[in-house]
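Enquirer: Provided below are the primary sequence and the corresponding predicted coordinates.
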Amino acid sequence: MIYRMNDSGRIYLDYAAATPLAPAAFAAMRPYLEGNFGNPSAIHAEGVIARQAVETARESIALTSQVRPEYVIFTGGGTEGNNLAIFGVIEAQRKAGRTYADLEVITTNIEHPSIGAAMGRLTQLGVTVRYVKVDETGKIAIAHLKELLSPQTVLVAVAYANSEIGTIQPLHAIKKALAESEQKNNTQIFFHVDAAQAPLWVSCLFSTVGADALVLDFAKCNGPKGTGAVIKSRRVELVATVYGGGQERAVRPGTENVPGIVGAAVAFVEAQQNWKERALLVSQVRDEAITILKQTIPELLINGAQGRERLANNVNVSILGLDTEFAAIVLDSKGFAVSTKSACAGAGGGESTVVKETTGDSARAASTLRFSLSPETSVEDMQKLAAALKTHVQQMSRYSF
């Protein structure tokens, strides 16, 4: 698979934002982009072909995650999936007779904007949203989570791995705390996990994750953009938050994106088949890259966790006093595609809310760069990056007063 953007020699280090379409996924999609264009809700032969493609893809994802196919709901991406899982659970509670004021939700202040903004809306509706503390690496403080859990808690929402600093959450410990609270208070607490960054690097077996709702964004694992899924447990009822037809078991109405779904299934299966080997190889490059960057630019700080508690391809750094938005533009002109934070957090300057929350340091949060490696990123690539970044830092220091 070709992971470089083109043959111009550019080095792409923004894998957390976008990944290339896997050749096998593109090959699977092509018939449904050309001749097999039927609507999967239609009853004629063309519609039946499209429906069969969607259901085969659903079965493939379900088999890979080890769930029943009917628990896989296709969406238009990770953002929609997170919203469907969060509001779907809340509206199911309302359907059961509870009011917004009766409900509590727990999350963190370092979540993806699609969760953070959803929490803002829940607060407006009258839901109590509580924020659990994280440590300096971004890991949830389990003791604080236990303090926050109450008889009113109905949902806990966290990311499997943080999209900016790559920290992998202790999902088993979180799930254990929820189970203990459920038993103590005779309640149900649904566990929502945003796994957008996960499939290429960690296991997405549903039983391994322990979630009640697992959200996938296939564009992050060599699938087509605009495709995602919510994988739910049997005990979860999701209520539709948009209205239309009866597609996706009336939870997500709208004509299914047949070619996207077909390609997504191929990419997801491919990602999960080889995740251990891929993560091992890329983490070795990541660790060498961190060493190289620290040796080349001694003042550089590493944000996030270490070793296995960090996504294999994630390197997040701060260089205090450096305008890293400008640095990203300069690096781009030199052939390096990097970012300063999550693409969904928006372009432009400003602090990384993730780094501010984990470090408490505004200067550090305002000077972050994220390098997210591909399976083909080499140590030589990272040496070139370090050299280019050092040159820029030195040039900028000449203008400081």
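Expert: Okay, I see it.
Enquirer: which stretches of the stretch 101-250 of the chain form helices?
Expert: Assigned by DSSP state H, counting those that start in this stretch, the helices in the stretch 101-250 of the chain fall at 113-125, 142-148, 171-185, 206-209.
Enquirer: for residue 378, what are its contacts?
Expert: Shown in contact with residue 378 (Cβ atoms under 8 Å, 6 or more residues apart in numbering): residue 285. C-beta here means a position set from N, CA and C on the backbone, and glycine is covered the same way.
Enquirer: Out of the helices of the stretch 101-250 of the chain, which is closest to residue 55?
Expert: Among those, the nearest to residue 55 by Cβ to Cβ is helix 206-209 (18.9 Å).
Enquirer: got the contact list for stretch 131-138?
Expert: For stretch 131-138, the surrounding residues in contact (Cβ under 8 Å, 6+ apart) are 106-110, 140-141, 144-145, 148, 162, 165, 167, 304-306, 309, 354, 357-359.
Enquirer: redo that, cut-off 7 Å
Expert: Outside stretch 131-138, the residues within contact range by Cβ atoms under 7 Å, 6 or more residues apart in numbering are 106-110, 140-141, 144-145, 148, 162, 165, 167, 304-305, 309, 354, 357-359.
Enquirer: What subset of the residues you listed is buried?
Expert: Using 16 or more other Cβ atoms under 10 Å as the burial test, the contacts of stretch 131-138 include 106-108, 110, 140, 144-145, 148, 162, 165, 167, 304-305, 309, 354, 357-359 as buried.
Enquirer: dump the residue contacts of residue 387.
Expert: residue 296.
Enquirer: Among the buried ones among the contacts of stretch 131-138, which lie within strands?
Expert: Among those, the residues falling in strands (DSSP state E) are 106, 107.
Enquirer: what distance separates stretch 116-128 from the centre of its chain?
Expert: 20 Å (Cα atoms, centre = their mean, to the nearest Å).
Enquirer: what's the average pLDDT for that stretch?
Expert: If you average the pLDDT over stretch 116-128, you get 97.
Enquirer: What are the buried residues along it?
Expert: By 16+ other Cβ under 10 Å, the buried positions in stretch 116-128 come out as 116, 118, 119, 122, 127, 128.
Enquirer: again with stretch 185-197
Expert: Of the residues in stretch 185-197, 189, 190, 191, 192, 193, 194, 195, 196, 197 count as buried by neighbour count, 16+ other Cβ under 10 Å.
Enquirer: Across the sheet, point out what pairs with the fifth one.
Expert: On the basis of DSSP bridges, residue 193 is bridged to residue 158, residue 214.
Enquirer: quick one: it and residue 81, what's the gap?
Expert: 11 Å (Cβ to Cβ, to the nearest Å).
Enquirer: which residue ranges form the strands in the stretch 301-401 of the chain?
Expert: With DSSP state E, counting those that start in this stretch as the criterion, the stretch 301-401 of the chain has strands at 301-303, 314-318, 336-337, 368-372.
Enquirer: Looking at the ones you listed, which is nearest to residue 182?
Expert: Among those, the nearest to residue 182 by Cβ to Cβ is strand 314-318 (32.7 Å).
Enquirer: relative to strand 368-372, how tilted is the closest one?
Expert: 160 degrees (axes from the mean of the first three to the mean of the last three Cα atoms, to 10 degrees).
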